[in-house]
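Asker: this one's structure only:
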């Protein structure tokens, strides 16, 4: 199993949810976050005075999927979420040792 932590622009969230539904990813968690990458966000200036504001709004979507589905999701995100400009986001991929569904005691992929 893999945990995909996908950080994207907020306006691309519906596209990402459609990708996850298309790939039968059964659950996700969404968090509104703020941050910046290599570009350090964008600065807000007024009359030459820096007002900071370099933290950009982003959305972090976390999901746990089987190994087979993870590569398909990654490729679809790269193809469909990409705008070709800075700030499109990142995908972090983690190995998941196990998962347990508390209600039934199911483990592994069955718990997803």
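Answerer: Structure received. Keep in mind that what you see is a predicted model, and the values were worked out from it rather than measured. Numbers count the residues shown, from 1 in each chain.
Asker: so where's this protein uncertain?
Answerer: Counting by pLDDT under 70, the chain contains low-confidence ranges at 40-53.
Asker: in it, which spans are helices?
Answerer: In the chain, the segments counted as helices under DSSP state H are 13-22, 67-81.
Asker: Can you check which of the ones you listed gets nearest to residue 37?
Answerer: Nearest to residue 37 among the helices of the chain is helix 67-81; the distance by C-beta to C-beta comes to 15.0 Å. Every residue, glycine included, has its C-beta placed from N, CA and C.
Asker: what angle sits between that closest one and helix 13-22?
Answerer: Between the axis of helix 67-81 and that of helix 13-22 there is an angle of 150 degrees, by axes from the mean of the first three to the mean of the last three C-alpha atoms, to 10 degrees.
Asker: In helix 67-81, which residues are buried?
Answerer: Buried positions in helix 67-81, judged by neighbour count with 16 or more other C-beta atoms under 10 Å: 69, 70, 73, 74, 76, 77, 81.
Asker: now stretch 87-101
Answerer: Neighbour-count burial for stretch 87-101 [16+ other C-beta under 10 Å]: 87, 88, 89, 91.
Asker: contacting residues around the second one?
Answerer: With contact set as C-beta atoms under 8 Å, 6 or more residues apart in numbering, residue 88 has these partners: 8, 9, 81, 82.
Asker: would you list those in JSON lines and tack on distance to residue 112?
Answerer: Shown next, in JSON lines, are the contacts of residue 88 (distance: C-beta to C-beta, whole Å):
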{"residue": "8", "distance to residue 112": "22"}
{"residue": "9", "distance to residue 112": "27"}
{"residue": "81", "distance to residue 112": "23"}
{"residue": "82", "distance to residue 112": "27"}
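Asker: Most neighbours out of these, which is it?
Answerer: With neighbours taken as other C-beta atoms under 10 Å, the top of the contacts of residue 88 is residue 8, carrying 20 neighbours.
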